[in-house]
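Novice: A predicted structure for the sequence below; I have some questions about it.
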Amino acid sequence: MKRLAVMCLACMSLLAVPARTVSTGTVVANPGATVSVPVNVDDVADVGAAVFVVGYDPTIVVCLGVDAGEAVEAKSLTYLDSGSGRICAIVSGFRQRQGNVMRLRFSLRDGTQGLFSDVTLQDVQLGASDGVTDLSASNPLKVVNGMIRVQPCDAKTARLEEPFVVHAKTELRSLLLGAGDGLGASADGEGIVVSESVASQGAIPVEPPLGGWQTGSYALLTTPTQGLSFELKAATNVLFRTTNDARGVTYWADVSVEGQVEIAHEDGLLSTAALAQVRTALADDLAEHPEVTSVVVKGAAALVPVVVDLGIAPLFEVQGTQAVATYMEPTLRITEFNPETGRVRIRVTPGAGNSIRSTLTTGCIHVYGTSDLTRRMQYIPGTGFDLTPYLREETKGEANLSVSLGTHTFIKIKAETTNKHQGEIE
C-alpha cells in the first residue's frame, strides 16, 4: 500500500509538468507584401539547442529568409529552405527564458488574393543544455500554428479564428476586430488603410514594429471612423493624434518606450544589428546609471562592432541624462602561429580608456599568407571578422607568418582573458 502511494505521487508529479507552447503567428496582408511571421516558445530556460521544421505553401508565399528573434543571439541561428515549402532551422544561444526565437520572412505572391498559407510547425525538437537529454520526451509540446492570409484591397475583413496581426501598409475595404486581434505598427509613416469602416471591441492592441519600438511617431491606421482607441504593447507615454485627409482620418501615435535608452552613433552609420550589439554590451553600465536616457557612441563605424565582439568595454562617461561611449582602436599583435596545427595566438591591448571586461567572443580571424616567402603575403578569403586591418604594419608578422594558400581559409579561435587590460585569442 505504501509503495502504491509513492507510485501515485510520482504519477501526479509527472502529470503536473506543464506543456511547453510553441507557436507561429498569423498575419493578414495584401498580395505582393513582405511580412514577418514570429515563432515563439514560452519556456526555453533549460534548452541548449532547438530544431524547428516549418511548413508553408510555396504557391502562395515565397520564403525570403529567417532572422533570429530577441530571445536568441543572432549568430546562433542557421536555417535551410528547400524552396518547396519546408524550412529547417537550428537555434541555440538563448538569452531569454521565453519569447520570440525567430522570424520567418515571406513575400506574398501576386494573384493570390483570397487565399492563405498555413505556417505549421511540422517538427520541434528541444535539447537540454547538457547536449544529451531530449526535453520533448518528458515534457510534451503544445503546438499552435498560424497562417498568412492574403486579402485584396477591397476585402471586407473580419477577425480570424485565432488572433492575427494586420501587416502595416495593408489596404482593406472594411475591418472588424475582435478580442486578441492586433495591428502591425509602421515606422515609415505608412499605416493600414481602411476605405469604409472599422469596428472593434474595446481598445485595439498594436504590435511593436519589427525590432521594437523607438521614440518617434508612427502612423497606425487610416480610416474615416472616429473615436477608435489603441493599446500599444510594450510602450508608455503614448500620445494619440489624428490628421484629416481625402482618404479619411490618419491615427498617429507619439511613442516613448519605458526604460528604453536611445543609443545612436555620432554619425548615424551603425546598423540596427550593430546598435543592438552595443546595447547588450552596455547593459551593465546602463543598469548602474538609471538616469541615462540616451547614449552617443563614438568611434569609427566599421571598428565599433569588431571591438564589441572582442569583449572590450568602451570609455563610458555620464553627462547628466546622456552618456558617451567611446570605442578606441585596440592593438592586436600576433605572438605565435603554427601553420601545421592552425594555432594562432594574438595579444589584444585595448585602446586608451577601454578595457576587456568580458570573455572575448570572436569566432574566427582572417590571415595573410603566401606559398613563396619572397613574395608579399596576400589576404586569404574566409568567413567571419577580418581583423587584419587592425593589425599595424609592424605587428602583422610577415617575416615569420607563413601559410600555404588554400590550406587555411580561416582559423577557429577560442578567447581567453588574462587580465583587465590584456587578452589573448588562441
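Specialist: Yep, that arrived. Numbering: from 1, shown residues only.
Novice: now the helices for the protein?
Specialist: Secondary structure of the chain (DSSP state H): helices at 2-15, 135-138, 272-281, 283-288, 303-309.
Novice: pLDDT (mean, whole number) over the fourth one?
Specialist: When pLDDT is averaged along helix 283-288, the result is 85.
Novice: could you do the longest one as well?
Specialist: Helix 2-15 shows a mean pLDDT of 30 in the predicted model.
Novice: again, but for stretch 313-321
Specialist: 93.
Novice: gap between the two ends of it?
Specialist: 20 Å (C-alpha to C-alpha, to the nearest Å).
Novice: next one: stretch 286-301
Specialist: 21 Å.
Novice: residues making contact with that stretch?
Specialist: Applying C-beta atoms under 8 Å, 6 or more residues apart in numbering, the contact partners of stretch 286-301 are 261-267, 269-270, 274-275, 278, 282, 304, 307, 314, 318, 320-329. Any C-beta I mention is one placed from the backbone N, CA and C, and that applies to glycine too.
Novice: if we use 7 Å, what do you get?
Specialist: With contact meaning C-beta atoms under 7 Å, 6 or more residues apart in numbering, stretch 286-301 is reached by 261-267, 269-270, 278, 282, 304, 318, 321-328.
Novice: pull out the buried positions in that stretch.
Specialist: Across stretch 286-301, burial judged by 16 or more other C-beta atoms under 10 Å covers 286, 292, 295-299, 301.
Novice: redo those as TSV? Include distance to residue 157.
Specialist: Compiled in TSV, the buried residues of stretch 286-301 are given as follows (distance: C-beta to C-beta, whole Å):
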residue	distance to residue 157
286	42
292	44
295	42
296	44
297	43
298	48
299	48
301	43
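Novice: and which of those residues is nearest to residue 93?
Specialist: Nearest to residue 93 among those: residue 286, at 21.7 Å, using C-beta to C-beta.
Novice: show me what contacts the nearest residue to residue 109 once chain neighbours are set aside?
Specialist: Nearest residue to residue 109, sequence neighbours excluded (C-beta to C-beta, 6 or more residues apart in numbering): residue 60, at 6.1 Å. When the contact criterion is C-beta under 7 Å, 6+ apart, the partners of residue 60 are 109, 112, 115-117, 150.
Novice: cool, and residue 41?
Specialist: Neighbour list for residue 41: 20, 22, 98, 101 [criterion: C-beta under 7 Å, 6+ apart].
Novice: what bridges to it?
Specialist: Using DSSP bridges, the bridge partners assigned to residue 41 are residue 22, residue 99.
Novice: report the separation between the closest residue to residue 313 other than its chain neighbours and residue 310.
Specialist: Excluding the flanking residues, the one nearest residue 313 by C-beta to C-beta, 6+ apart is residue 357, at 4.0 Å. Separation of residue 357 from residue 310 (C-beta to C-beta, to the nearest Å): 11 Å.
Novice: and for residue 256?
Specialist: Counting by C-beta to C-beta, the gap from residue 256 to residue 310 is 33 Å.
Novice: looking at those two, which is more packed in?
Specialist: residue 310 (23 against 16; other C-beta atoms under 10 Å).
Novice: from what I can see that one touches residue 349, true?
Specialist: No: contact criterion C-beta atoms under 7 Å: residue 310 and residue 349 do not qualify, at 10.8 Å.
Novice: which intervals of the stretch 101-250 of the chain have sub-threshold pLDDT?
Specialist: 131-132, 136-139, 160-162, 187-189, 210-211, 215, 246-247 (pLDDT under 70).
Novice: strands of that one, residue ranges please.
Specialist: Using DSSP state E, counting those that start in this stretch, the strands of the stretch 101-250 of the chain run over residues 116-128, 141-144, 146-150, 156-157, 165-166, 171-176, 182-184, 192-199, 204-207, 216-223, 230-232, 236-245, 248-256.
Novice: contacts only, for residue 43.
Specialist: Contacts for residue 43 were tallied using C-beta under 7 Å, 6+ apart; they are 20, 97-98.
Novice: so residue 228 touches residue 201, yeah?
Specialist: No: if you go by C-beta under 7 Å, residue 228 and residue 201 don't touch, sitting 11.4 Å apart.
Novice: residue 243 pairs with what?
Specialist: residue 250.
Novice: tell me, how many residues neighbour it?
Specialist: By other C-beta under 10 Å, 11 other residues sit near residue 243.
Novice: surely it touches residue 250?
Specialist: Yes: Residue 243 lies in contact with residue 250 (C-beta under 7 Å); the separation is 4.5 Å.
Novice: if I look at residue 106, how far off is residue 295?
Specialist: Between residue 106 and residue 295 the computed distance is 35 Å (C-beta to C-beta).
Novice: having no further points to raise, I will conclude here.
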